[in-house]
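Student: Got a predicted structure here, sequence first:
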Amino acid sequence: MTEAVVQVTEIEPGIVQVTMQDRFHKNTFSNALLQGLIEAFQRIEASDQYKVVILTGYDHYFASGGTKEVLLSIQEGKSKFTDGGDTNVYSLALDCPIPVISAMQGHGIGGGFVMGLFADFVILSRESIYTTNFMKYGFTPGMGATYILPKKLGISLAEEFLIRAGNYRGAELEKRGIPFPVLPRDQVMEHAYALAREINEKPRISLITLKKHLVASMQRELPDVIEQEVAMHEMTFHQQEVKERIHALFGQ
């Protein structure tokens, strides 16, 4: 039997885990992974049985951002990162009515790291690499990166992440005082389960009401930022140099 690239598992009553495991594409945003994520969160939203979601990856990968084919498609003007319609993968955790924990046990790359930061709780691993590498290819960031990084990391570190586009080990981010737990990889899920159980003790209606209140301003502000990011893409993505960089640097 073929293993689903996105697996939804009830860990215990009230706690549901969404595991991204597209091993062939190393958790880049393949069509199967994107569709699986959208369907998983639709299923969770439709249920009144859950109180908290754990979003995680497999082995050394949390999520790895856009595929080479998608980046080239955007570069050629054939698509945009907003082509998901009313449902965009980057904001799935933000728009989920119940709290979401991003258990980033593995690498978070580009849009994959951005997607994880939209969760209510973030856990990193010391061994993994985290990067917003958009500018490595020569185009400006998308997926709401220019909004959520300053919100979650502070403007100074966010500017460094976004402009420098470097790689950061979780251990380095821990030393720099990043405001999330940074743990050995083999302890990330244990911490996520303990946190989920604390959240699960609260009444569901209270969790939904409080989360709705806490994320309301972000949900109002994000669409304008996405519009600005798409406009920046129109200015930066179609350069010939970007195409050459994608061919030369993707996967490195």
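Tutor: Noted; the coordinates are in hand.

Student: OK, contacts around Ile199?
Tutor: When the contact criterion is C-beta atoms under 8 Å, 6 or more residues apart in numbering, the partners of Ile199 are 51-52, 99, 101, 207. The C-beta positions use only the backbone N, C-alpha and C, and glycine is treated the same way.

Student: Helix, strand, or coil at it?
Tutor: For Ile199, the secondary structure call by DSSP: H, G, I helix; E, B strand; the rest coil comes out as helix.

Student: Just the closest of the contacts of Ile199 to Glu201, please.
Tutor: Using C-beta to C-beta, the shortest approach to Glu201 within the contacts of Ile199 belongs to Lys51, at 8.8 Å.

Student: From Val52, how far out is the closest residue to that closest one other than its chain neighbours?
Tutor: Taking C-beta to C-beta, 6 or more residues apart in numbering as the measure, Lys51 lies nearest to Gly14, with 4.3 Å between them; neighbours along the chain are not counted. When C-beta to C-beta, to the nearest Å is applied, the distance between Gly14 and Val52 equals 7 Å.

Student: Check the chain for its longest helix and report it.
Tutor: Longest helix of the chain, by residue count under DSSP state H: helix 204-236.

Student: Following the chain onward from that helix, which element is next?
Tutor: helix 240-249 (DSSP states H and E).

Student: And that next one, what's buried?
Tutor: 242-243, 245-246 (16 or more other C-beta atoms under 10 Å).

Student: so where's the stretch 1-150 of the chain shaky on pLDDT?
Tutor: Across the stretch 1-150 of the chain, residues meeting the criterion (pLDDT under 70) sit at 1-2, 84-87.

Student: Swap in 80 and give it another go.
Tutor: Low-confidence segments of the stretch 1-150 of the chain (pLDDT under 80): 1-3, 83-87.

Student: Please name the residues that touch Tyr61.
Tutor: Taking C-beta under 8 Å, 6+ apart as the contact definition, Tyr61 lies against 20, 26-27, 106-107.

Student: Now for those: which two are most distant?
Tutor: Pairwise distances among the contacts of Tyr61 were taken by C-beta to C-beta; the largest, 11.9 Å, belongs to Met20 and His107.

Student: what sits in contact with each of those two?
Tutor: The contact lists of Met20 and His107 share 61-62, where a contact means C-beta under 8 Å, 6+ apart.
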